[in-house]
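S.K.: got a sequence here, can you model it:
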Amino acid sequence: MKPLVTILTPTYNRAHTLPRVFDSLQRQTFKDFEWLIIDDGSTDDTDLLVKQFQEKADFRIRYYHQENQHKFITFFRGIELSEGTYFSPLDSDDALLDDALEVLVEKWKQIDDKQNIVFVSSLCQDQNGKIVGDKFPEEPLVCSIFDMRYKYNVKGDKWGMGKVEIYKKMELNLEKLSGKGFIPEGVFQFQFDTLGFHYCINKISRIYYRDENDEQSLANQFYDKKNAFGLAENYKAFLNTYSSKLWAHPVPIFRNLGGYLKFSATDQRGFRKTISELNSFPVKVLATLLYPVSKLI
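M.R.: Predicted coordinates:
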């Protein structure tokens, strides 16, 4: 019998942090879930550790090992392998509060299909119990990702649960993105706003561990030149999703256009390619005008 929820954890050399993920899943008050672990080419003892988890777990654990493809591609392999109706990504260095899955599943049960909800979003806290970012101004807050950030000014990491079928509706050229290194999650997350709304609650569900000294963390390397391809794709995804917001919200459009031009130049895409991949004519015009100074941004 297939589980109601799939929890996906992409992992790379995180045998030292996976036990706290497992422990938090073992403590869940909701049990109708599977834990899908995709090992993205680890060279530590992740495989042996997962076998120990499987022997002790009171829930299903599926483990797959692959050659290193980076998190973005691994994430969508997880979507394809998922057997649940609902889906939550959980990083290999995080943990959940004991009732996290129960709360999110119950919220989904209360939501009417007519509301066109694509994701139930909740709060995170760090390992010291401090909320990461801002609370939502009301509960529930039903809104787009764009409005969450630019209308309600809600910042900081959030965590939650979507439907597998929604992720499968996203239009992505995974072949083009494969082998390109780090790809920010915005490349797919912005597409949520083309498919429906977020249902936001002020319930803390995830514990976000600030492992500042962890050499595997990308937190301090996000804007590194080596990530130029992925960053350019992220800014492009924003512009192509929200170009209609140009006149009502020019500041975020200009900021993302600046980022797109800067990292497209770093990625050596050239003028024709940089401009042609933008869908909006007004944004193309702005990009053309700003392109000569893109290397100075």
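S.K.: lowest confidence element among the helices and strands of this protein?
M.R.: helix 174-177 (a mean of 90; mean pLDDT, DSSP states H and E).
S.K.: packing partners of that helix?
M.R.: Judged by 3 or more CB pairs under 8 Å, 6 or more residues apart in numbering; DSSP states H and E, helix 174-177 is in contact with helix 71-81. All C-beta atoms are positioned from the backbone trio N, CA, C, and that covers glycine.
S.K.: how about the helix it packs on: buried residues?
M.R.: Buried residues in helix 71-81, counted by 16 or more other CB atoms under 10 Å: 71-79.
S.K.: picking up where we left off before, what does the least confident helix or strand of the chain rub up against?
M.R.: Where contact means CB atoms under 8 Å, 6 or more residues apart in numbering, the residues beyond helix 174-177 that reach it are 72-73, 76, 183, 187, 233.
S.K.: how far does it sit from its chain's centre?
M.R.: 17 Å (CA atoms, centre = their mean, to the nearest Å).
S.K.: for the following helix or strand past it, which outside residues touch it?
M.R.: Heading C-terminal from helix 174-177, the first helix or strand you meet, by DSSP states H and E, is helix 186-189. With CB under 8 Å, 6+ apart as the test, helix 186-189 has contacts from 72, 76, 145, 167, 170, 172, 177, 230, 233-234, 237-238.
S.K.: which one of those residues is nearest Phe53?
M.R.: Phe76 (23.7 Å; CB to CB).
S.K.: returning to what we had before: looking at the contacts of helix 174-177, spot the one nearest Tyr152.
M.R.: Val187 (23.1 Å).
S.K.: what about the strands in the stretch 151-297 of the chain?
M.R.: Using DSSP state E, counting those that start in this stretch, the strands found in the stretch 151-297 of the chain span residues 158-163, 197-208.
S.K.: most tightly packed of those?
M.R.: Counting by mean count of other CB atoms under 10 Å, strand 158-163 has the highest mean neighbour count of the strands of the stretch 151-297 of the chain, with a mean of 23.
S.K.: what's it packed up against?
M.R.: If you count contacts as 3+ CB pairs under 8 Å, 6+ apart, strand 158-163 packs onto strand 86-89, helix 100-110, strand 117-126, strand 197-208.
S.K.: which residues sit against the helix or strand following the third one?
M.R.: If I follow you right, that is strand 117-126. Per DSSP H and E, the first helix or strand lying C-terminal to strand 117-126 is strand 141-143. Under the contact criterion CB under 8 Å, 6+ apart, strand 141-143 has outside partners 115, 117, 148, 151-152, 197-200.
S.K.: how about a cut-off of 6 Å?
M.R.: With CB atoms under 6 Å, 6 or more residues apart in numbering as the test, strand 141-143 has contacts from 197, 199-200.
S.K.: same check, this time on stretch 13-25
M.R.: Under CB under 6 Å, 6+ apart, the answer for stretch 13-25 is 35, 42, 44-46, 49, 53, 92-93, 95-96.
S.K.: next: stretch 1-12.
M.R.: 32-40, 42, 71, 74-75, 78, 82-90, 92.
S.K.: Ile79: what's it in contact with?
M.R.: Per CB under 6 Å, 6+ apart, neighbours of Ile79: Tyr167.
S.K.: try it again with 10 Å
M.R.: 6, 8, 36, 87, 89, 162, 164, 166-168, 170, 188 (CB atoms under 10 Å, 6 or more residues apart in numbering).
S.K.: measure it to Phe136 for me?
M.R.: From Ile79 across to Phe136, the span is 26 Å (CB to CB, to the nearest Å).
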